[in-house]
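Visitor: Show me how the following folds:
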Amino acid sequence: MYKFKITDPHFLPHCACDVELTVSPGEVVTLVGENGLGKSTLMNRLWQTYAHDMTYVEQKPLDLFYDRPLRKIKDVLLKSRADKIDKEFFASLWKRFGLEQKETRLHSSLSGGEGQALKISLALAQMSQCYLLDEPSQFLDVNMKQVLSAVVSELQAKQKSIVLVEHDKEWIRHSRFVQLGVVDETLKEVKSWTI
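Guide: Numbering: from 1, shown residues only. As a prediction, this is how the structure comes out:
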């Protein structure tokens, strides 16, 4: 079980933060709230504070491999992180997200959805116990969101803990939702529910 607590009187220029999250093995917790509230900042702070044994997928593009073909990116990952990658799961992600047909293409030529699929595949193949995913469905089409939903369900079945920030909740199957809001100039949990 993961217990996260961020208390900071200077969290953002417009608010402090007092958020406590508990995430059980196999649980998905989805953070929701209005734009500009500080959800991504909170995810970044969770990563900085509790980075051990976790994988973090930020919203920003994966620029590190900008001018390399996908095949090279795949080879670099499999060689450089051989002891930290679930190779079988990675091969499955690579295929299901349609990347095997695009292996000769440069990363710089990918659409937003293709780049997001690449980023998700590289991250979720990491052998972590907890994944922090900031807007993982951004740029994905309906079919790719269904793939993402199935992958998240598989991670749950493997007893992985997942914390999402997400605006599009339609693809999420089983989650505890935590709505964040600013109360008394402090970012806090204002309500939660489970679907």
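Visitor: Break down the protein into its helices, ranges please.
Guide: For the chain, the helices defined by DSSP state H cover 39-50, 70-80, 87-96, 112-124, 142-157.
Visitor: Averaged pLDDT, stretch 91-106. What do you get?
Guide: For stretch 91-106, mean pLDDT rounds to 96.
Visitor: So that it lines up with my notes, have the first residue be 30 from now on.
Guide: Renumbered: residue one is now 30, and that last one reads stretch 120-135.
Visitor: and that stretch, how far apart are its ends?
Guide: Stretch 120-135 stretches 19 Å from its first residue to its last (C-alpha to C-alpha, to the nearest Å).
Visitor: Contact partners for L161?
Guide: 72, 75-76, 83-86, 192 (C-beta atoms under 8 Å, 6 or more residues apart in numbering). C-beta here means a position set from N, CA and C on the backbone, and glycine is covered the same way.
Visitor: and it, what pLDDT?
Guide: In the predicted model, L161 carries a pLDDT score of 97.
Visitor: how about the nearest residue to it, chain neighbours excluded?
Guide: Of all residues not flanking L161 in the chain, Y85 sits nearest, at 4.5 Å (C-beta to C-beta, 6 or more residues apart in numbering).
Visitor: Same question for K131.
Guide: Nearest one to K131, counting by C-beta to C-beta, 6+ apart, is L99 at 5.6 Å.
Visitor: Quick check: the gap between the one you found and Q88.
Guide: 21 Å (C-beta to C-beta, to the nearest Å).
Visitor: Likewise for N172?
Guide: 21 Å.
Visitor: just T59 next, same as before
Guide: Separation of T59 from Q88 (C-beta to C-beta) stands at 15 Å.
Visitor: and these two? which has more neighbours close in?
Guide: Between T59 and Q88, T59 has the larger neighbour count (other C-beta atoms under 10 Å), namely 19 against 15.
Visitor: which residues does the more buried one contact?
Guide: Counting by C-beta under 8 Å, 6+ apart, T59 touches 192-195, 198, 201, 204-207.
Visitor: pLDDT-wise, which helix or strand of this protein ranks last?
Guide: Using mean pLDDT, DSSP states H and E, helix 99-109 stands out as the lowest-scoring helix or strand of the chain, at a mean of 91.
Visitor: What is the distance between it and the centre of its chain?
Guide: Helix 99-109 sits 20 Å away from the centroid of its parent chain (C-alpha atoms, centre = their mean, to the nearest Å).
Visitor: Report the beta-bridge partner residues of the residue minimising distance to the centre of the chain.
Guide: The centroid of the chain falls nearest to L162 when counting by C-alpha atoms, centre = their mean (1.4 Å). Counting by DSSP bridges, L162 is bridged to V86, L193.
Visitor: Any buried residues in the strand ranked longest in the chain, and which?
Guide: Counting by DSSP state E, the longest strand found in the chain is strand 31-41. Neighbour-count burial for strand 31-41, counted by 16 or more other C-beta atoms under 10 Å, picks out 31, 33, 35, 37, 40.
Visitor: again, but for stretch 126-143
Guide: Counting neighbours by 16+ other C-beta under 10 Å, one finds that the buried residues in stretch 126-143 are 126, 128, 131, 136, 139, 142-143.
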